[in-house]
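K.L.:
model this:
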Amino acid sequence: MSCSDHLYRHLSPKQVSRRWFLQQCSVGLGSIAFAQLLAERGYADTTRPDPLAPKQPQFPPKAKRVIFLFMAGAPSHLELFDYKPQLAKFDGTLPPPELLKGYRAAFINPNSRLMGPKFKFARYGKSGIELSELLPHLAKTVDDITVVKSLVTDAFNHAPGQLLMNTGTMQFGRPSMGAWTLYGLGSEAKDLPAFVVFSSGKKGPSGGNSCWGSGFLPTVYQGVEFRSSGDPVLYLSNPKGVDQDEQRDTLEAVNKLNKMHENIVGDPEIETRINSFEMAFRMQSSAPELMDISKESKETLALYGAVPGKPSFANNCLLARRLVERGVRFVQLYHEAWDQHDHLVEDISENCRDTDQACAGLIQDLKQRGMLEDTLVIWGGEFGRTPMVQASASGPADGRDHHPNAFSMWLAGGGVKGGFSIGESDDLGFNVAEDRVHVHDLHATILKLLGFDHTKLTFKFQGRNFRLTDVSGTVVDKMLA
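P.N.:
From the prediction side, this is the model:
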């Protein structure tokens, strides 16, 4: 029996007319393009539904896409967003004993001396939101953001904290927020992955690629890590000596074998494999144009502080805008450099020089293009930093340890209030005093902005319905416009 006969016998009558013809005729890679054209005209093969096809949420969304600026390592809220005059007043003294009851620190003795804020604060914009002098660019667009100063988390070390912020649990193997978003909404990008990840700073996140994984969801929903320059993913360009004809023959043969296997065993991961090959082929045309930021205007490059050909967080922010402009649903930018156990003044100043202009530029760019209204931008890390000092044996005594009891983040666009601050920590920035927002509450609010009741966006796995917010979470209505 020939390969063609074998394949034909495994196809249903509904599959023969299109699938058999395209697989057997010598159009090669043209079959992929033809299938795409058919799908766009409403002739999609219902026997192989596209898991990334755009889907309607449970109710009208305020946000259609997300850009998450993840400051891995945990920025100090006390130096950036949450000024505490009382902490400055009691600088160098020991914290009240009742404050430390039941408190567990990551590295320091909790009964360490208090350290006042190291930078000046002022009020900006019509809203009068208080920000550090380290954020002069964000200060110019402060009326477009909501600052949340009352976040709490359950984790006090990096990997568990990053996993909780990204996946809703401290355990490995759960779907990320981006994966849940794709599962619920699909994608509008035809020639690019639906969920893209960039990383800058000194290293990647401690939680690794589990922070953007799909967990028990089909792997088609996981994030795809892009490089900041050149080919966004390795091996996208053909190696020397491989021409289009050879690539066509190879891809045609591989797809034919994968589809034969899929028809026999019905494994959804084979569909992911087929999609990845087809996406890689389409990206050979779309990716070079995407990555070439030199075609942006001088004014746009200056807005971000981006320099073509020089990888940076600023370039990644500009690429994030270009991606969502092309229909990508979820973009996440990791900047791992915020773990200041010592040299706080020096290092957090450098962090802000690397990121502040680009973050503010992203908000302004989206706004002037009419995209901020339905693009949700999120900025923050996995937890905060202690009001107590962590001294270094070799450096200045100006570090802060991990602190889960209170920290700050900000959000912009996508249905959140602009020029708004919610929540307060106590006089020392140690515990939340007003409008407590747990990580699960933040996730519930993000999902609501995307058009979902977080309790109803579920996936059944091992006999249980799982969700991003685990078994808790309350929408923070005060944040919503």
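K.L.:
which stretches of the stretch 1-150 of the chain have low pLDDT?
P.N.:
Scanning the stretch 1-150 of the chain for pLDDT under 70 picks out 1-48.
K.L.:
strands along that one, start to end?
P.N.:
65-70, 121-124, 129-132, 145-152 (DSSP state E, counting those that start in this stretch).
K.L.:
okay if I get the ones you listed as CSV plus distance to Ala179 and mean neighbour count?
P.N.:
For the C-beta atoms, the positions are set from N, CA and C on the backbone; glycine is no exception. Putting those into CSV (distance: least, CB to CB, whole Å; neighbours: other CB atoms under 10 Å) gives the following:
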stretch, distance to Ala179, mean neighbour count
strand 65-70, 12, 25
strand 121-124, 36, 15
strand 129-132, 33, 21
strand 145-152, 22, 24
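K.L.:
closest one to Asp354 among those strands?
P.N.:
With respect to Asp354, and counting by CB to CB, the nearest of the strands of the stretch 1-150 of the chain is strand 65-70 at 11.9 Å.
K.L.:
the closest one pairs with which strands?
P.N.:
In the sheet, strand 65-70 lines up against strand 330-336 (parallel), strand 375-380 (parallel) (DSSP bridges).
K.L.:
closest to the centroid, which residue in the protein?
P.N.:
The chain has Gln332 as the residue nearest its centroid, 2.8 Å off, counting by CA atoms, centre = their mean.
K.L.:
partners of the nearest residue to that residue once chain neighbours are set aside in the sheet?
P.N.:
Setting aside the residues directly before and after it, Gln332 is nearest to Phe68 in space (CB to CB, 6 or more residues apart in numbering), at 4.5 Å. Beta bridges link Phe68 to Gln332, Ile378, judged by DSSP bridges.
K.L.:
show me where the stretch 351-481 of the chain has strands.
P.N.:
So, for the stretch 351-481 of the chain - with DSSP E, counting those that start in this stretch - the strands run 375-380, 384-390, 399-403, 407-412, 420-422, 424-425, 432-434, 437-438, 459-461, 464-466.
K.L.:
how far away from the center of its chain is the first one?
P.N.:
With CA atoms, centre = their mean, to the nearest Å as the basis, the distance from the averaged C-alpha position of strand 375-380 to the chain average is 9 Å.
K.L.:
do the second one as well
P.N.:
Its chain's average C-alpha position is 26 Å from that of strand 384-390, according to CA atoms, centre = their mean.
K.L.:
so for that strand, what's the average pLDDT?
P.N.:
What strand 384-390 shows for mean pLDDT is 97.
K.L.:
184 is where my numbering starts, stick with that
P.N.:
Sure thing, new numbering starts at 184, so read that last one as strand 567-573.
K.L.:
who are the packing partners of that strand?
P.N.:
In terms of contacts (3 or more CB pairs under 8 Å, 6 or more residues apart in numbering; DSSP states H and E), strand 567-573 is packed against helix 260-263, strand 582-586, strand 590-595.
K.L.:
what sits up against it?
P.N.:
257-262, 267, 270, 278, 288, 290-291, 293, 295-298, 334, 523-525, 580-591, 611-613 (CB atoms under 8 Å, 6 or more residues apart in numbering).
K.L.:
so among the residues you listed, which ones count as buried?
P.N.:
Burial by neighbour count, 16 or more other CB atoms under 10 Å: within the contacts of strand 567-573 this picks out 257-262, 267, 270, 278, 288, 291, 295, 297-298, 334, 523-525, 581-591, 611-613.
K.L.:
make TSV out of the strands of the stretch 184-333 of the chain and add distance to Ile531.
P.N.:
Listed next are those as TSV, based on distance: least, CB to CB, whole Å:
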stretch	distance to Ile531
strand 248-253	16
strand 304-307	14
strand 312-315	9
strand 328-335	17
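K.L.:
Lys238: which of those is closest?
P.N.:
Nearest to Lys238, of all those, is strand 248-253, at 13.8 Å by CB to CB.
K.L.:
if we can go back for a sec, just so I know, which of the strands paired with strand 248-253 lies nearest Gly598?
P.N.:
strand 558-563 (7.1 Å).
K.L.:
CA-only coordinates of that closest one in CSV, if you can.
P.N.:
Provided in CSV are the C-alpha atoms of strand 558-563 (Å, rounded to 0.1, in the frame of the first residue of the first chain):
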residue,chain,number,x,y,z
THR,A,558,-4.5,47.3,26.5
LEU,A,559,-3.8,46.4,30.1
VAL,A,560,-0.3,47.3,31.3
ILE,A,561,0.9,45.8,34.6
TRP,A,562,4.1,46.7,36.4
GLY,A,563,5.4,44.9,39.5
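K.L.:
now the residue nearest to the centre of the chain: how far from Ser315?
P.N.:
Distance, Gln515 to Ser315, by CB to CB, to the nearest Å: 24 Å.
K.L.:
how about Gln540?
P.N.:
As judged by CB to CB, Gln540 and Ser315 stand 15 Å apart.
K.L.:
by contact count, what packs against the host helix or strand of Pro343?
P.N.:
Under the criterion of DSSP states H and E, Pro343 resides in helix 341-350. Helices and strands touching helix 341-350, by 3+ CB pairs under 8 Å, 6+ apart, are strand 248-253.
K.L.:
can we see that at 10 Å?
P.N.:
Helices and strands touching helix 341-350, by 3 or more CB pairs under 10 Å, 6 or more residues apart in numbering; DSSP states H and E, are strand 248-253, helix 360-368, strand 513-519, helix 622-632.
K.L.:
of those, which is nearest Leu506?
P.N.:
strand 513-519 (5.2 Å).
K.L.:
need the CA coordinates for that closest one. PDB is fine.
P.N.:
Taking C-alpha atoms only, strand 513-519 is exported to PDB below (Å, rounded to 0.1, in the frame of the first residue of the first chain):
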ATOM      1  CA  PHE A 513      -0.200  38.600  26.000                       C
ATOM      2  CA  VAL A 514       3.400  40.000  26.200                       C
ATOM      3  CA  GLN A 515       5.500  39.600  29.300                       C
ATOM      4  CA  LEU A 516       8.800  41.500  29.900                       C
ATOM      5  CA  TYR A 517      11.000  40.200  32.700                       C
ATOM      6  CA  HIS A 518      13.700  42.500  34.000                       C
ATOM      7  CA  GLU A 519      15.600  40.600  36.700                       C
END
